[in-house]
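S.K.: have a look at this prediction, sequence included:
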Amino acid sequence: KIKDSWLKWHNIFKGSDLVFGLSPTPAYDVSEGAWGHRYLEKTIMDLNHIVSSRDLGIDLKGKLDQKGTVKYWVKLGNNAGGKAEVNKYKRFYGMLQFTPSKNLLLTVYSDYASTAPTLDQTDGAMKDNNVFIGAFFLNYKQKGLFSLGLKGYFRSQQNNFASSSTSALENQTGDGISIWAYADLSKTVELVGRFDNVDPNTKKDGDGKSLILAGVQFSPSKNIDI
């Protein structure tokens with residue numbers, strides 16, 4: 001299975017690159033880099049399969065100002081992840097990244113996935129089943145000391161939930177929040193902590209879940225982490 005296979009036209013116009021092929025999506029590429037502990041756990045949207053980490057399509061990304069304090073990333077993808085395309089429906093991605101200082105990072109993200117209509121058993125009608133996702137990420141970091149991160153998302157899918165077998169389809173909404181931190185106590189010892197809370201369907205009780213992660217990392221040498 002191929003994870004990445006893409007071509008890049010660097011500087012297609014000043015400050016922007018064009019990418020074509022199977023490549024990362026804008027959903028959590030930046031936040032995953034800031035988290036920096038994927039070997040412990042994936043970031044919340046990746047872990048809960050909210051958005052695929054890869055998609056086949058075309059990307060345009062770059063900076064909106066000379067210093068690069070505001071960056072953008074837009075993508076048109078097949079919405080098939082690393083699998084083959086099997087339908088005509090597409091996914092539209094967009095992300096803005098703000099870096100007002102060397103310590104502060106903020107991203108605002110959204111995407112819209114068009115999907116095949118779904119059948120509502122109550123009236124026999126085919127209804128829209130499209131998906132919208134909005135998310136944000138905030139990170140404050142003091143290099144060599146600590147890093148704090150906050151990630152939240154909202155997901156809405158048209159006509160994807162029925163409260164009973166005789167109920168008409170309703171829009172399904174879900175959300176999630178992730179708070180994490182790590183601190184360097186010394187050059188060899190780091191503390192890591194994280195809390196996630198996810199509610200896949202806000203209209204349904206008992207389907208929520210949480211993640212609590214805590215750890216100590218010991219690095220006796222440059223190439224060894226315990």
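M.R.: On my side now, so go ahead. Numbers count the residues shown, from 1 in each chain.

S.K.: can you list the low-confidence ranges for the chain?
M.R.: For the chain, the stretches flagged by pLDDT under 70 are 1.

S.K.: report the outermost residue of it with respect to its centre.
M.R.: residue 123 (35.5 Å; C-alpha atoms, centre = their mean).

S.K.: residue 34: helix or strand, and which one exactly?
M.R.: helix 29-35 (DSSP states H and E).

S.K.: which parts of the protein are strands?
M.R.: Listed in chain order, the strands of the chain (DSSP state E) span 5-13, 16-24, 54-63, 70-77, 91-98, 104-113, 118-120, 125-127, 131-142, 146-161, 170-184, 189-199, 209-218.

S.K.: okay if I get these as a markdown table plus distance to residue 85 and mean neighbour count?
M.R.: C-beta: built from backbone N, CA, C; applies to glycine. Formatted as a markdown table, these follow (distance: least, C-beta to C-beta, whole Å; neighbours: other C-beta atoms under 10 Å):
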| stretch | distance to residue 85 | mean neighbour count |
| --- | --- | --- |
| strand 5-13 | 14 | 11 |
| strand 16-24 | 11 | 17 |
| strand 54-63 | 7 | 19 |
| strand 70-77 | 10 | 18 |
| strand 91-98 | 11 | 19 |
| strand 104-113 | 14 | 19 |
| strand 118-120 | 20 | 15 |
| strand 125-127 | 22 | 13 |
| strand 131-142 | 17 | 18 |
| strand 146-161 | 21 | 19 |
| strand 170-184 | 25 | 18 |
| strand 189-199 | 29 | 17 |
| strand 209-218 | 32 | 12 |
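
S.K.: now those strands in JSON lines, with distance to residue 84?
M.R.: Output for the strands of the chain, formatted as JSON lines (distance: least, C-beta to C-beta, whole Å):
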{"stretch": "strand 5-13", "distance to residue 84": "13"}
{"stretch": "strand 16-24", "distance to residue 84": "11"}
{"stretch": "strand 54-63", "distance to residue 84": "9"}
{"stretch": "strand 70-77", "distance to residue 84": "13"}
{"stretch": "strand 91-98", "distance to residue 84": "15"}
{"stretch": "strand 104-113", "distance to residue 84": "17"}
{"stretch": "strand 118-120", "distance to residue 84": "22"}
{"stretch": "strand 125-127", "distance to residue 84": "25"}
{"stretch": "strand 131-142", "distance to residue 84": "20"}
{"stretch": "strand 146-161", "distance to residue 84": "23"}
{"stretch": "strand 170-184", "distance to residue 84": "27"}
{"stretch": "strand 189-199", "distance to residue 84": "29"}
{"stretch": "strand 209-218", "distance to residue 84": "31"}
